[in-house]
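Q: Give me coordinates for this.
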Amino acid sequence: MIQKSRIEQRAIQIPAHVTTRFLPFVFLLMMSAAFLLVDAILPLQGISSFDALLSHTSSVFLLPTHILFPGQAITLLMPNMRSAALTMITSWKETAYLLSAFLILFLVYLFALHYLPKLISRRFLFTSTLFLGILCLFIPVVTSSDIFSYIAYSRIGVIYHLNPLTTWPVAIHTDPVMPYIYWVKQPSAYGPVWVSITCLFQWLLGFSGSSGPLHMILVLRLFGLSMHLCSTLLIWSISGHLQHLTAFKSPQQRMRATLAFAWNPFLLFEACVNAHVDATLLFLILLAIWFLVRRTPLNIYSYLLAAALFAVATCVKINVVLLVPGLLLFLYTQRPWKISHVIATLATYVSIIVILYIPYWQGKATLSVFLINPAATRNVNSMPTFISHLYKGIMLGNAYTLSSAMPTPPERIIHNLSIVIFVLVYALLCWQAIRGPDHINTIPKFIRWMALVWLLYCAIGSPWFYPWYLVTFFGLFALIEATSKRDRWLFYSLQLPLATRILAFSMLSLYCFYTWGALHAFIPLLPGFLWNYLSGLWIWILPLLALRLRSKSAILISSPHQLPKLPSQQSQEVKALR
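A: Sure, this is the predicted structure:
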């Protein structure tokens, strides 16, 4: 009987061991299959995706579409090309396919975050992220034409020897990249650092004026993947330092936060498919934080290195300037406080920006981008967009025309009001940090301050909004998640990790509002109001699904950090990270 019971125990234990061993690979396979499903749907005619030129070299890049949707029309657009007219039924059906594929992808992602942190190692984390990134590299479309603008500005600088910060792409109207550019009458909205990076890639590839942009697309996607991987490595390293500083050590929570960032479908898509500059921006900000956490106690050299990296990041995208006062306030709250340290940090930041702009400076012409940039007057994908178009749809009651699409007085008022509200809230946050130094006097609090500022900027201060603007927030939130107890969240009625996951889903699903049907169909009983105008409401309301009306005491009781861990549980967590 004793021998029989031992055999039964082995029979029960062996499947559990096998499941534990192979479950990470099962989830990796499921994530890959979900990405392939998205890959198959994006080239369909009703989705109106832009051509990434990969299918021009081989039809194998469209193989997933041909396998899953045999005989269905495939149309890869250029930004200035109008899509063919479709029946609304076909368009909405394909839009439903895309939304369902995004939902499947995120459900697999959520289940992976629940089961994998206690089973995987750091090596599996990085190799699996690399695998998913490589899979995204070969998606034959892009959902944003910005990558072609990056290529155009690099060709303006390298091939035509003009200044990308002052030259319109229309000046190179004979270049092969021109049909793929949407913003043909606007100089580069990005700073000299990003222009220099893309020009370096263009110079290394050695393109002639008659060459196409395919190789640059692949290079920029590879660079985006490398930035995402480097950011993942920095989040892992920084979170380890922060857990040591705060005496809050949870290897499993550290792994979950890093995995949540690394496998985030939205971040992988924006870095490896659309190759947006924001992946590089996040890497520079995280590197600045890394210089602050790697040495204790902090000294002036840490501040100067951080200020230098913030300056470089500002010369990638100007809106990083919003985070710099936080660095100065953090320095101001340190004891002993020295005015010379604050002045040296600020001087380093300003001087590096000046040095980086000198090679591209052409007086007022360099600043003209701020005057002709549509973000200065227009609204898109934001609550002001929803409110202004809802007002026009109710008051005008006319079918959508070009004239009604131009900025109207109500649209300008709502645009300016949104910015004013953000400026007031931002000033309040800075004043709060000055009056109460305990709000920003540690590195974790400094990171929370930056994350809140960036989220408010995207939600309120940027009426002209696109989803990739939030890439920086997701990187900062990963650090917060890795080093915070659940009972210490600011809004304890909101499940912040879950709300952030849903926010990532809403950002990626925003592309469902740019399909042919959403761009051409009006909402019944509301003439002049397209389905596309609901995007600003959708992306910010959807995360509120994470609300839970529970008392703070209930959260304290249910928090796993309030319960002591058994020695076996601690050893399993440490073993999983080796």
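Q: C-alpha only now, for contacts and for neighbours.
A: Fine.
Q: I figured Ala101 hits Ala33, correct?
A: No: contact criterion Cα atoms under 8 Å: Ala101 and Ala33 do not qualify, at 10.2 Å.
Q: For those two, work out which one has more neighbours and name it.
A: Ala101 (21 against 14; other Cα atoms under 10 Å).
Q: tell me the contacts of the more buried one?
A: Taking Cα atoms under 8 Å, 6 or more residues apart in numbering as the criterion, Ala101 is in contact with 34, 37-38.
Q: Would you write a PyMOL line that selects the buried entries of those residues?
A: Filtering the contacts of Ala101 down to the buried ones (16 or more other Cα atoms under 10 Å) takes a single PyMOL command:
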select buried, resi 34+37+38
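Q: The stretch 201-350 of the chain: helices as residue ranges?
A: Taking DSSP state H, counting those that start in this stretch as the criterion, the stretch 201-350 of the chain contains helices spanning 214-246, 251-262, 265-272, 278-293, 300-314, 324-332, 339-357.
Q: my bad, the stretch 401-550 of the chain
A: 402-405, 409-435, 443-456, 471-483, 496-509, 516-520, 535-541.
Q: among those, which is nearest Ser91?
A: Proximity to Ser91 (Cα to Cα) singles out helix 516-520 among these, at 5.3 Å.
Q: Just the buried residues of the closest one, please?
A: Neighbour-count burial for helix 516-520 [16+ other Cα under 10 Å]: 516-518.
Q: Which single one of those is nearest to Leu329?
A: Ala518 (44.8 Å).
Q: Now for the closest one: which residues touch it?
A: 92, 512, 530-532.
Q: Columns pLDDT, distance to Leu77 and neighbour count on top of those residues, output as a markdown table?
A: Below are those laid out as a markdown table (pLDDT from 0 to 100; distance: Cα to Cα, whole Å; neighbours: other Cα atoms under 10 Å):
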| residue | pLDDT | distance to Leu77 | neighbour count |
| --- | --- | --- | --- |
| Trp92 | 90 | 18 | 20 |
| Cys512 | 95 | 16 | 24 |
| Leu530 | 86 | 21 | 22 |
| Trp531 | 90 | 21 | 17 |
| Asn532 | 90 | 19 | 24 |
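Q: wait, which of those residues is closest to Phe61?
A: Cys512 (21.9 Å).
Q: Would you confirm that that closest one contacts Leu98?
A: Yes: here Cys512 lies in contact with Leu98, judged by Cα under 8 Å, at a distance of 6.9 Å.
Q: Which residues are in contact with Ile352?
A: So Ile352 contacts 308, 311-312 (Cα under 8 Å, 6+ apart).
Q: By neighbours, which of the residues you listed wins?
A: Ala311 (28 neighbours).
Q: measure that one to Phe474 for me?
A: Ala311 is 21 Å from Phe474, where distance means Cα to Cα, to the nearest Å.
Q: just Trp464 next, same as before
A: Distance from Trp464 to Phe474, by Cα to Cα: 19 Å.
Q: try Ile523
A: 33 Å.
Q: between those two, who's got more neighbours?
A: Legend: neighbour count by other Cα under 10 Å for Ile523 and Phe474, higher for Phe474 (23 against 15).
Q: Spit out the contact partners of the more buried one.
A: Phe474 touches 261, 500, counting by Cα under 8 Å, 6+ apart.
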